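A.B. asks: Based on what follows, work out the 3D shape:
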Amino acid sequence: MELRDSAAFGKGRTITLTILGKSGSGKTVFLSSMYHHLAEGSMGFSVAATNDKTDRVLGGAIEDLILKKEVPAGTTENSLTYGFCLKFNGQPIADIDCFDYRGGAIDDEAESEAGAILSKRIANSDIVMWLIDLSEIPEGELFSGKSRLKTRLRRLNSICSQAIKADERPRVWSFVRAKVDVNFPDLASEDLKVATTELLTHLGGALTISTHDSVPYANVVSIAPIGKVSLEGDEIVAGDEVINVEWPLLTSVGMLIKARLAALDEQIEAARKPEPESRGGFFSPAQRDRREDAHSHVASEAEREREFLTAVDGRITAKVPNSVIVVQPNDVAGSGGE
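C.D. replies: Numbering: from 1, shown residues only. Prediction:
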């Protein structure tokens, strides 16, 4: 698996993330909540804005929602770019280059300016997130073809399929069920697991977009980005605890890290392999020493990165809740629409 892992993780590594969903699916609230939650720190993970606009807009949106009970306005520009560094125990994992698109952009013609921007962005993304809102679909219709039309799965699948033809390679796909507290107000662990399983089934044939060479690179997560919501008149009151808001990003980054670890193992093995005796005669002793030093340096750098990423991967694996599903081949094989 090669998920653009030529660059080392850490300072200088950039992961490109694109968030998609229909208007009103909760993209801005999710992104603001995720940024705020990780900025405060969670399980050793944290984020720091790489530009002031990111902190003002994302941090400001969640402050207005919690303190002033003002729901963030939906994205009206073709795209908004945010940047923050994801860290583990204070050490950079990677910079996250995040695009938030207005929901209406998924209905723009591919030939339009907005459509072209969106298509290029999807093609260049390492992680693509779909936000799916099932909150207004009756329980008995969750898996019907009509419900998939309401959540715009066909359109999301179509624009993404067209875009990735320009660059066919594995990407991580994160399918996120937003507003889960509407259907599962208790937000209990088992309820969240049911909610995620429902989303997995709802995705149906759309799940196949995550496959490359018959292997799926996807996760499915249910979130409550402002916890258990209540109403005071017409005002929305956020709950005390956000649910799973960090896991779409952390699970996706974890999948990228696993790919990088496999590449590092190959790199270390190659660097540690001694020069064939038959080639040694072509180099002077000083040249051979320099080559051996260079190989040793490469191996040492790779081993340091591997040690760090193994710790990151271990923390993600140990903490991931049972309401997060990492998609397996049988999940895709069994998917299908009505």
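A.B. asks: Which parts of the stretch 201-338 of the chain are helices?
C.D. replies: Secondary structure of the stretch 201-338 of the chain (DSSP state H, counting those that start in this stretch): helices located at 247-272, 277-280, 285-319, 329-333.
A.B. asks: Let me see the mean pLDDT of the last one.
C.D. replies: In this case it means helix 329-333. Averaged over helix 329-333, pLDDT sits at 86.
A.B. asks: So which bits of it are buried?
C.D. replies: Going by neighbour count (16 or more other C-beta atoms under 10 Å), the buried part of helix 329-333 is Asp331, Val332. C-beta: built from backbone N, CA, C; applies to glycine.
A.B. asks: and it, what other elements does it pack with?
C.D. replies: Helix 329-333 sits against strand 215-216, with contacts defined as 3 or more C-beta pairs under 8 Å, 6 or more residues apart in numbering; DSSP states H and E.
A.B. asks: hmm, who's touching the strand it packs on?
C.D. replies: Met1, Pro170, Leu207, Ser210, Val327, Gln328, Pro329, Asp331, Val332 (C-beta atoms under 8 Å, 6 or more residues apart in numbering).
A.B. asks: Out of these, which comes closest to Ser222?
C.D. replies: Val327 (14.3 Å; C-beta to C-beta).
A.B. asks: doesn't Ser210 make contact with the closest one?
C.D. replies: Yes: counting by C-beta atoms under 8 Å, Ser210 is a contact partner of Val327 at 6.3 Å.
A.B. asks: Okay, now the unreliable bits of this structure?
C.D. replies: 1-7, 66-79, 102-105, 107-111, 227-240, 272-299, 334, 336-338 (pLDDT under 70).
A.B. asks: now the strands: where do they sit in it?
C.D. replies: Using DSSP state E, the strands of the chain run over 14-20, 45-49, 79-88, 91-101, 127-133, 172-178, 211-212, 215-216, 218-222, 230-232, 235-237, 325-326.
A.B. asks: Tabulate these (JSON lines), appending distance to Gly314 and mean neighbour count.
C.D. replies: JSON lines is the format used below for the strands of the chain (distance: least, C-beta to C-beta, whole Å; neighbours: other C-beta atoms under 10 Å):
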{"stretch": "strand 14-20", "distance to Gly314": "19", "mean neighbour count": "22"}
{"stretch": "strand 45-49", "distance to Gly314": "13", "mean neighbour count": "20"}
{"stretch": "strand 79-88", "distance to Gly314": "10", "mean neighbour count": "18"}
{"stretch": "strand 91-101", "distance to Gly314": "13", "mean neighbour count": "20"}
{"stretch": "strand 127-133", "distance to Gly314": "21", "mean neighbour count": "25"}
{"stretch": "strand 172-178", "distance to Gly314": "19", "mean neighbour count": "26"}
{"stretch": "strand 211-212", "distance to Gly314": "26", "mean neighbour count": "16"}
{"stretch": "strand 215-216", "distance to Gly314": "23", "mean neighbour count": "18"}
{"stretch": "strand 218-222", "distance to Gly314": "17", "mean neighbour count": "29"}
{"stretch": "strand 230-232", "distance to Gly314": "38", "mean neighbour count": "10"}
{"stretch": "strand 235-237", "distance to Gly314": "37", "mean neighbour count": "14"}
{"stretch": "strand 325-326", "distance to Gly314": "15", "mean neighbour count": "18"}
